[in-house]
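Student: Just to be clear, the model below is a prediction. Sequence and coordinates:
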Amino acid sequence: MLTRLLSNIEGVTACLMSRDGEIVGGDGEGNITLYHQAMKMASDLKIGSIEEIWFEGNSTTVVATIRGGSSLWLTSNELPVGRLSHEARALRPIIEDLIEV
């Protein structure tokens, strides 16, 4: 069900990654080392917790934190960062509910 949920957005590859870097669902890719570095920087700078990380270049990636230490990675060559951010915010509570069940 999780993989189907993550594949519903046209033009986007998505995956859910555990805190250990294991892909739990979806067909996308993520970089757990980069995610942990961002979390460490936020902690070192005492700027609070990170809810989303945005990367823009040849492709656009939005990483959203999921309760329990997981992360949702959405990547697109077509959609702008704002649309990916919107999708991540819409998917976050659904995925958190799935994980709890």
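Tutor: Thanks, I have the structure now. Here the structure is a predicted model, which means the values were calculated and not measured.

Student: And the helices in this structure, which stretches?
Tutor: Remark: helices assigned in the chain by DSSP state H are 2-6, 32-45, 81-100.

Student: on contacts alone, who are the packing partners of the one helix or strand in the chain whose mean pLDDT sits lowest?
Tutor: Least confident helix or strand of the chain, by mean pLDDT, DSSP states H and E, is helix 2-6 with a mean of 79. Helices and strands touching helix 2-6, by 3 or more CB pairs under 8 Å, 6 or more residues apart in numbering; DSSP states H and E, are strand 13-17, strand 23-26, helix 81-100. Backbone N, C-alpha and C define where each C-beta goes, glycine included.

Student: Which one, of the ones you listed, ends up nearest to residue 2?
Tutor: Within the helices and strands packed on helix 2-6, the stretch nearest residue 2 is strand 23-26; the backing value is 3.6 Å (CB to CB).

Student: quick one: buried residues of the closest one?
Tutor: By neighbour count on 16 or more other CB atoms under 10 Å, the buried set for strand 23-26 is 24-26.
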